[in-house]
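1. need a 3D model of the following:
(2 chains)
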There are 2 protein chains.
Amino acid sequence: MVLDNVRIVLVNTSHPGNIGGAARAMKNMGLSQLVLVDPVRFPDPEARARASGADDVLEQARVVATLEEAIADCVLVLGTSARDRRIPWPVLDPRESAGRVLEQLGETPEAPVALVFGREDSGLTSEELQRCQYHVHIPSDPAFSSLNLAAAVQVLSYELRMLWLSEQGQPTKMHKIETTAIHNEIPATAEELEKFYAHLEQVLVEIGFLDPQKPRQLMPRLRRLYGRVQLNRMEMNILRGILTETQKAIGAPAAGERRR
Amino acid sequence: MVLDNVRIVLVNTSHPGNIGGAARAMKNMGLSQLVLVDPVRFPDPEARARASGADDVLEQARVVATLEEAIADCVLVLGTSARDRRIPWPVLDPRESAGRVLEQLGETPEAPVALVFGREDSGLTSEELQRCQYHVHIPSDPAFSSLNLAAAVQVLSYELRMLWLSEQGQPTKMHKIETTAIHNEIPATAEELEKFYAHLEQVLVEIGFLDPQKPRQLMPRLRRLYGRVQLNRMEMNILRGILTETQKAIGAPAAGERRR
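-> Sure, this is the predicted structure:
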């Protein structure tokens, strides 16, 4: 599996919870190779707890003393960087990073590629960043730019998986979207929709189409249908009008008189 | 700001740390509107700790009793779902979700839009999912599919920011990439590169070009240059050969005789 040659390298991590969170994020996205450079506390029960079942990633994690050792055999090394450095370096966003990584794995499938993440408080040092061919910048709000370590691993692993799935011709979701939204109208709010569903259900019971004792999947199916078309306010009024008129026609009290 | 109308709704969250992590992820990506439906523990010092400075998002968070209340005024509601449900629903991946959300905000800029996230252990109920027009599926590994709650918020918020930046014509990274990689060759490893840099630095000192007392930014600049072109092994041999020959020419001992 090509993603098995993607190595996640965490440098000098302080909080074992973040190591666990990173392991979980990796496994969620189909990555498995974790290398820890001089972790402050590892192994640790907190890492295990936050890994939430990604224990195999933690158990197979390699612990080394230096970044040099962690990336020695890698043909491509990308390092995450939050800050603008004095010397500009080639910078990729997470999507471009995934593209560069999978391009490399396409050319040299047997050679490992590393994504390097720095310390929680201070990131990677200038010296460490200089060992990376590219810097990766996650486009955060400049006013609050520092992501949690596991969150940063999540974003980069997610981009790798998205691109890998698409290169495999695999879908990124389970079902195709079918949408027939009508867009140039004021859409109904969720509250209006709920009132409509309640009214509809009531009428369906009154007309004997819906048996409250055996509802089957009727309301869910109707919700899906109306939810998908994204009703506008005018259409909503029409549908509500139809329901009220139906009630009048069968001699039931109108909705307005009964509800609230 | 258009992203101020994106509401993150967390339903019945068990662990306050996840609420804090979600708040941090939101603020990193420029989101601010958090609504908590019936949280198990909130406010809580753990939420504050994990928020790491996104205290304003937590303080402004609205706590409500039901999902209905949280989304009443929303014109578009998307709910995250890990599982394949019996009744298929229109499903979007995170990137499509961002597209749908920003499309909606383009049409109705004043109307709120909600992204709904379920419980850590069991997600959203079928009833809750039926209140959503779309389900969002993060394309995780089917063998280990359940993301941490804050990680899921991070992925969706990240996709929103990426698309929002691109729609604003803003860059997603700080510098343009310039790459002239030579691709049909065996690339040098990081270890080989390090040996080369060490050899280069030594020669630069020997030839009097680099003053170890006043190194300026010489080595970082050279590292950036060589890192960017992604040397292949043959080029590396050539460069090392040049250095060795230079040393011979100035009468210094060759690298092989001095190092190790």
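2. which stretches of the stretch 1-150 of chain A have low pLDDT?
-> For the stretch 1-150 of chain A, the stretches flagged by pLDDT under 70 are A:83-87.
3. can you give me the helices in it?
-> Applying DSSP state H, counting those that start in this stretch to the stretch 1-150 of chain A gives helices spanning A:16-28, A:45-51, A:55-59, A:67-71, A:94-107, A:126-130, A:149-167.
4. give me the pLDDT for residue A:176.
-> As predicted, residue A:176 sits at a pLDDT of 41.
5. swap in residue A:179?
-> On pLDDT, residue A:179 comes in at 39.
6. quick one, what contacts residue A:211?
-> If you count contacts by CB atoms under 8 Å, 6 or more residues apart in numbering or on different chains, residue A:211 has them with residue A:205. (Each C-beta comes from the backbone N, C-alpha and C, glycine too.)
7. quick one: it and residue B:17, what's the gap?
-> Residue A:211 is 45 Å from residue B:17, where distance means CB to CB, to the nearest Å.
8. likewise for residue A:6?
-> 28 Å.
9. the more surrounded of these two?
-> Using other CB atoms under 10 Å in any protein chain shown as the criterion, residue A:6 and residue B:17 rank with residue A:6 on top: 27 against 23.
10. show me what that one is bridged to.
-> residue A:113 (DSSP bridges).
11. so it sits against residue A:161, correct?
-> No. Residue A:6 is beyond contact range of residue A:161, at 10.2 Å (criterion: CB atoms under 8 Å).
12. neighbours of residue A:217, how many?
-> 11.
13. can you pull out the strands in chain A?
-> With DSSP state E as the criterion, chain A has strands at A:6-11, A:33-37, A:62-64, A:76-80, A:91-92, A:113-117, A:134-136.
14. can you add distance to residue B:148 and give those back as TSV?
-> Shown next, in TSV, are the strands of chain A (distance: least, CB to CB, whole Å):
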stretch	distance to residue B:148
strand A:6-11	16
strand A:33-37	16
strand A:62-64	23
strand A:76-80	19
strand A:91-92	25
strand A:113-117	16
strand A:134-136	21
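15. those strands: which one's closest to residue A:224?
-> For these, proximity to residue A:224 was assessed by CB to CB; strand A:6-11 is nearest, at 37.9 Å.
16. got a list of contacts for that closest one?
-> Residues contacting strand A:6-11 (CB under 8 Å, 6+ apart): A:18-19, A:22, A:26, A:31, A:33-39, A:67, A:70-71, A:74, A:101, A:105, A:112-119, A:124, A:128, A:149, A:153, A:157, A:160.
17. which of those count as buried?
-> Neighbour-count burial (16 or more other CB atoms under 10 Å in any protein chain shown) applied to those gives A:18-19, A:22, A:26, A:31, A:33-39, A:67, A:70-71, A:74, A:101, A:105, A:112-119, A:124, A:128, A:149, A:153, A:157, A:160.
18. read off the pLDDT value for the residue nearest the centre of chain A.
-> Nearest to the geometric centre of chain A sits residue A:158, at 6.8 Å (CA atoms, centre = their mean). Note for residue A:158: predicted pLDDT of 98.
19. what residue, apart from its backbone neighbours, is nearest it spatially?
-> Take residue A:158 and drop its neighbours on the chain: the residue closest to it by CB to CB, 6 or more residues apart in numbering or on different chains is residue B:155, 5.2 Å away.
20. for residue A:123, same thing?
-> residue A:82 (5.8 Å).
21. contacts only, for the residue nearest to the centre of chain A.
-> Residue A:158 touches A:29, A:94, B:94, B:138, B:155, B:158, counting by CB under 8 Å, 6+ apart.
22. how about a cut-off of 10 Å?
-> Residue A:158 sits next to A:25, A:28-29, A:94, A:98, B:94, B:138-140, B:147, B:151, B:154-155, B:158-159 when contact means CB atoms under 10 Å, 6 or more residues apart in numbering or on different chains.
23. what does residue A:222 give?
-> By CB under 10 Å, 6+ apart, the contact list for residue A:222 reads A:196-197, A:200-201, A:204, A:210, B:130.
24. swap in residue A:61?
-> Contacts of residue A:61 by CB under 10 Å, 6+ apart are A:8, A:10, A:19, A:22-23, A:32-36, A:39, A:42-43, A:47.
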